[in-house]
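S.K.: Generate coordinates for the sequence data below:
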Amino acid sequence: MVEIQVADVPTRHRFEATAGGDLLGVAVYERDADVVVLTHTVVEPSAAGQGVGSALASAALEAARTEGLRVVPECSFMAGWIDEHPEYADLVDERTD
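M.R.: Below is the predicted model:
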């Protein structure tokens, strides 16, 4: 299995997942004060099923936790991923409900 690297690229408002220099997927966000809105996640079809989406989700949520940010998962993938990983539910902004 390929090792996936995820990096925050604030100038592009997204997390990028790469492997061997190839872009495998992105998680786009908007940041407003102490809230990060996860708006869209895209994984290249050739990388589907390889854990790219999970790598993006966990990196984005861990970054939010580290920075003390609340999260609004507008992206259906991110919302579903958080539902499946309740250890991140405490990050979801109560205004999301």
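
S.K.: Excluding chain neighbours, what is closest to residue 7?
M.R.: Closest residue to residue 7 apart from its sequence neighbours, by Cβ to Cβ, 6 or more residues apart in numbering: residue 16 at 5.7 Å. The C-beta positions use only the backbone N, C-alpha and C, and glycine is treated the same way.

S.K.: and the helix or strand containing the one you found, how far from the chain's centre?
M.R.: Per DSSP states H and E, residue 16 falls inside strand 14-19. Taking Cα atoms, centre = their mean, to the nearest Å, one finds strand 14-19 lying 10 Å from the centre of the chain it belongs to.

S.K.: helices or strands up against it?
M.R.: Applying 3 or more Cβ pairs under 8 Å, 6 or more residues apart in numbering; DSSP states H and E, one finds that strand 14-19 contacts strand 5-9, strand 22-32, helix 52-67.

S.K.: Switch the ones you listed over to a markdown table, and while doing so, append mean neighbour count, mean pLDDT and distance to residue 89 to every line.
M.R.: Below are the helices and strands packed on strand 14-19 laid out as a markdown table (neighbours: other Cβ atoms under 10 Å; pLDDT from 0 to 100; distance: least, Cβ to Cβ, whole Å):
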| stretch | mean neighbour count | mean pLDDT | distance to residue 89 |
| --- | --- | --- | --- |
| strand 5-9 | 14 | 98 | 21 |
| strand 22-32 | 18 | 96 | 18 |
| helix 52-67 | 19 | 98 | 10 |
